[in-house]
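Asks: model this:
(chains A, B, C and D)
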Amino acid sequence: MSNNGAPKQSFSFADPDKVQNILSQYPDKQSALLPLLHLAQSEEGYISSAVIDTISEIVDCHQALVMDCVSFYTMLYTKPHGRHIIQVCQTLSCSLNGADGLVDHVTAKCGIKPGETTDDNRFTLMKVECLGSCGTAPVVQVNNDYHESLTLEEFEKLLESLK
Amino acid sequence: MDFLGFVIICVKVLVVFSATMLTVLMMVYAERRVSAFMQGRLGPNRVGPQGLLQPIADGIKFLMKEDIIPAEVNKPIYLLAPAMLLIPALMTFAVIPFGSTITLFGREVPLQVADLNVGILYILALTSIGVYGLVLAGWASNSKYSLIGGLRSSAQLISYELAMGLSVVSVILLAGSLKLNVIVEDQQGYLLSWNVFKQPVAFLIFLVAVYAETNRLPFDLTEAEQELVGGYHTEYSSMKFAMFFTAEYANMVTAAALTVTLFFGGWDVPLLNETSMGALGAILSVLSFILKTAFFLFLFIWVRWTFPRFRYDQLMKLGWKVMLPLALINIFVTGGYLTLTSLR
Amino acid sequence: MATIVKSYEPTFWDRLYLPALAKGLAVTLKHFFRKKITIQYPDEKYVPPDGYRGLHRLNKYPDGKIRCVACEMCSAACPADCIHIIPGPSPWEDGKERFPVRFDIDLLRCIFCGFCEMACPEEAIELTEIYDFSNYTRDDLLIDKEGLLGVYELTKDTNYYSRPNAGQDSEALTSDKF
Amino acid sequence: MPIVKIDDTDFTVEKGTSVLQAALANDIEIPHYCYHPALEIVGSCRMCLVKVEGMPKLQVSCNTFVGDVPSDKKIDGKYDMVVSTQDELVQQEQKNMLEFLLLNHPLDCPVCDQAGECDLQDYAFKYGNAHSRFEEDKRVRPNEYLGSQIVINHNRCILCSRCVRFTREISGSSELFVEARGYNSKISVLEEKPLDNLLAGNVADICPVGALLSTDYIHKNRIWNLDKQPSICQDCSVGCNVDVFHQKDQILRLTPRENHSVNKFFMCDKGRYGFHRFEEIERLTVPMIMSEGGFIETTWDEAIEKTVDELNGAGKGIAGIASPFHTNEANFMLGRLVNGNVGTLPPITSEEINYPSGFRISGDRSPNRHGMNDVCPSIVDDFASAVERKDIRFLYLLDDGIDRELNELWKGMLEKIDFVVVQSYAMTDVSKCADIVLPGQAPFEREGTITNDMGRVQWLRPSVTTKGESRPDWEIPMLIQSKHAGVEGLTDVSSVMNEMGKDFAAYSDITFFRLGDQGLPLNGKAEE
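Replies: Residues are numbered from 1 along each chain as shown, chains lettered A, B, ... in the order given. From the prediction side, this is the model:
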């Protein structure tokens, strides 16, 4: 569990109509789990345990099932994060093509280890499983964009460009 | 008999008795030490210097042991048997001369407890009584091992007594007397005057028969611990066992002394005339007797740790088919020789 | 080719047996005078050969933790059924989870075959070269965990597993099978 | 019905049977981890791969089903499916799968409690490679408590997800889930909702490896040291079939035994850990007579003689208290002793729990109420009030056991009666009211039959030996009765069952042999 010690707060969706809209698009409630999680993340910034409680009530399933889903997807964050999320693929192709070097580069430059956020809230570094772009390894996903076939120099430029 | 004569006899009895018992003690020690040496071991060497006090420790142990009388034994005979074995064994020594004559308080004292004119017969008679001790012990114990041991010993002792007696007859023929003193004096003189040289066959027969008579290896079928646990003394413990034990060794001492007397010139020192040398001669003669006896005692032990036990049928075959005819032939030859020489 | 073995015809002297007897007596007499091989035990100690299997010990790590994890492989391997273990959770936070709460060896039953040290996955039980552990009562020959660790303290300078002969048979045994 | 050929043998199976089920039902071994007959099929362990003719790749046998094929498409004109479990490719794949499963698995069998009954150990030995090519460091994670009774060793876990499916499908509480993805995935539990339901103990049983462990048994012993005895749980009227693991007369754990008519594959934690109640009780092992100062130990001969004397003196005023905690045989012999004048103590109850899977924990905490009512037909429920109107001078009481607490009404009633005989295994409230206490057997020492609340007769087998001078529960009333009536006594429990069958038709053909491991429904009474 990654939200250890986080104070428990209640959460409710800002726009109940939106929730109903999403629910109405699916044959059963549980199918709406992912869109609801995305919606909650866009409102809250990350998936807190309060969010999980609320959603499990809406889709009528156990919290553990929601947590199962949240922990599976690396796009769903269980902790507050910085402005830019750098997700470095760790799976075979990328690993062979120097993904570890990219992680070490960020660690050396910004002083953060995987899973940590810089003090100025600029970067959050994450190691993730396969991003599905093995042909153009190594891949780094920054927020929602892929940056493929990165060399260290290109990666350096990329980091400079993110403010 | 006057008072002094009585005192002298008493002293002699005491000396002979204690000397025999002392020898028995030493034999117990020697048996263990010698056997150990022959087997590359050291044997008892921790009680006293070189383990010399070991027999005393053994004796104390025997006395301290619990005296067990099994429930179903025939009690009077069971108690009597050890004594019946021990007493003849000690009595036999009375007629054996252990030195030449000495002069004490102006009278001639032969170094012999009793100079019987039927000395040899006395010995043969007593050894025959000894067998009763064994048989009664075996029977009274009410144990299969004891009984078999007793039966074996009676058969064995009777078989070999014949050969022994006959081998002695040829010695008697040579000496012309049953008196042991006379036999000893007969062997004095020159070097080859001992009966062992005159009667080598008789000596061999006698020696083998003596081993059988004393129940020593290779003829210890009465005990044969691998088969019979302890033979006739299986059920005995403590002091009564010690009596059997003592009797066995006393018999050995007597047998050794008898062998010396009959075939090795007794107290004779070769080429010396002890009787004419006074006290010195007497001492020399006693020493000579002791040395010779000691050798034969050693031979007992030596043989025991060298030869394996005979099978029972082998034992009987040897006794009846070899020793007895041989002894008869030997008597015949000796008698013939003596007749021929006397005729001339 | 058949070999013809002629039966030995004993001569007169052979049949007399006397020379043979004399020969036998000579043999024992010769031994009578030979050097004796007895070790004067309490004064003079026996030095066991390499690979001797004597009293057991329970090994420790250099930091003092017991190596044994109470897996009971030794008691399973023991042909004499003399090892009795009661396992429990380890008192130490790091490292091995299991720990022998009790570890008793019945030395009266033990046949000192060394299977336990071969079976041990942790090199925890080991047979030392101590051979003089006789005692006055049967109870004193039931050795417990403290006793076994005490043996280790006595002998910790020696690693018996590295004895020249100790490893050989275990390797031979395992290489065949696996 | 489809015909399937597995390794040169033909089997006719139901349509829709999976290949794995068909093979297991016919004693053909196919290694598997994630498949469990009670749980949904996921096909995640990939251990049960087989070669199916006509399919390009190897198939997971747990998720490949045999269906009817039109006769013109049948293989060799006969078979609907031809399966090979011994193919060279299959064997190679089994080796490869095991190598994968063992990549991060610590080789700590010596300290693992599963060793000896571990599927991974067995299959690795039977199907696996001797060597791993993995030279990197293994993933190491600390142990975690999933609930108060269950601890997980993440290193050993092979993520078969049996436990997760168990909590979703059987207990319906869904505490467990697989957290994260790929290399980082692990079995996890929400902090605010730990695995503490009454079926939690089962996840340790269904775990094919040593990952999930019950804290009750952890590091207690090795499995090969224990003796296993099939028995029946005696903590509620469901009568779950269990295996009792014991060593030197000490019970170390209980595991559920498969019985599709009673408990399927599982049991509840009340029964699983219930045996601890009997570990430190004031066990009675010798007969005792109450005198001025208190109880005095006596011999069996004296105790029985005294009881018979009192029984003779009481004339018609005799009654017995049967117990739903005892076997049918004990209750039957009691009924004989007191001429059917039988009552019972108030029932011990708790909340009844039903799980979505159909698993049930009965509210009646006694294991044999159904059987007691069967063999004591004229039983009086409210005995304490009924006794007021009768002249009872001799009361023979089968004690329920250590869970029984007497109320004031009963205590008062017992005091009024001249002579109270209590047959018990412990110094309970009831025993303390007795004039004479006869030591019987404790649970797990008893032998006989018990009938569960669905009317299924089951063989209760003794797991541990009877302590001290205690005697079998059926034997004590039998001895008194035979001495009282001056007749020859019965010699063993089977002859009691025989007698019982004569008196009660429903039990007429019940024998231990016929009961076997699975028990029998009562004639015409069972719901099946």
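
Asks: C-alpha from now on. contacts and neighbour counts both.
Replies: Noted.

Asks: for chain B, see how far away the residue in the stretch 401-528 of chain D that chain C sits nearest to is.
Replies: With Cα to the nearest Cα as the measure, D:Val464 is the residue of the stretch 401-528 of chain D nearest to chain C, at 19.9 Å. Counting by Cα to the nearest Cα, to the nearest Å, the gap from D:Val464 to chain B is 46 Å.

Asks: what of D:Ile150?
Replies: 66 Å.

Asks: circling back: need the contact list for the nearest residue to the residue of the stretch 401-528 of chain D closest to chain C once chain neighbours are set aside.
Replies: In this structure, D:Val464 finds its nearest non-sequential neighbour in D:Asp249, 4.9 Å apart by Cα to Cα, 6 or more residues apart in numbering or on different chains. Shown in contact with D:Asp249 (Cα atoms under 8 Å, 6 or more residues apart in numbering or on different chains): D:Ser463, D:Val464, D:Thr465.

Asks: tell me which element the second one falls in.
Replies: D:Val464 belongs to no helix or strand when elements are defined using DSSP states H and E.

Asks: how many other residues sit next to it?
Replies: Neighbourhood size, D:Val464 [other Cα atoms under 10 Å in any protein chain shown]: 20.

Asks: and it, backbone torsions?
Replies: When quoted as degrees, to the nearest 10, the phi and psi of D:Val464 stand at phi -130, psi 160.

Asks: near chain A, which residues of chain D?
Replies: Contacts of chain D with chain A, taken as Cα under 8 Å from any Cα of the partner chain, map to D:173-183, D:188-191.

Asks: let's see it at 10 Å
Replies: For chain D, the residues in contact with chain A (Cα under 10 Å from any Cα of the partner chain) are D:168, D:172-185, D:187-193.

Asks: which among those count as buried?
Replies: Neighbour-count burial (16 or more other Cα atoms under 10 Å in any protein chain shown) applied to these gives D:168, D:173-181, D:187-190.

Asks: from those, pick the one nearest D:Ala124.
Replies: Checking those against D:Ala124 by Cα to Cα gives D:Ile187 as the nearest, at 22.6 Å.

Asks: how about the closest one, secondary structure?
Replies: State at D:Ile187, reduced to three classes by DSSP: H, G, I helix; E, B strand; the rest coil: strand.

Asks: report the contact partners of it.
Replies: By Cα atoms under 10 Å, 6 or more residues apart in numbering or on different chains, D:Ile187 lies in contact with A:68, D:146, D:152-154, D:157-161, D:163-164, D:176-180, D:211-212.

Asks: one step back: among the residues of chain D next to chain A, which ones are in strands?
Replies: D:Leu176, D:Phe177, D:Val178, D:Glu179, D:Ile187, D:Ser188, D:Val189 (DSSP state E).

Asks: same list as before, those that is, but in JSON lines and with pLDDT included.
Replies: Shown next, in JSON lines, are those (pLDDT from 0 to 100):
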{"residue": "D:Leu176", "pLDDT": "93"}
{"residue": "D:Phe177", "pLDDT": "92"}
{"residue": "D:Val178", "pLDDT": "92"}
{"residue": "D:Glu179", "pLDDT": "89"}
{"residue": "D:Ile187", "pLDDT": "93"}
{"residue": "D:Ser188", "pLDDT": "92"}
{"residue": "D:Val189", "pLDDT": "92"}
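
Asks: D:Phe332: which of these is nearest?
Replies: Closest approach to D:Phe332 among these (Cα to Cα): D:Leu176, at 47.3 Å.

Asks: got a list of what the residue nearest the centre of chain A touches?
Replies: Chain A has A:Met75 as the residue nearest its centroid, 3.1 Å off, counting by Cα atoms, centre = their mean. With contact set as Cα under 10 Å, 6+ apart, A:Met75 has these partners: A:His38, A:Gln41, A:Tyr46, A:Ile85, A:Gln87, A:Val128, A:Asn143, A:Asn144.
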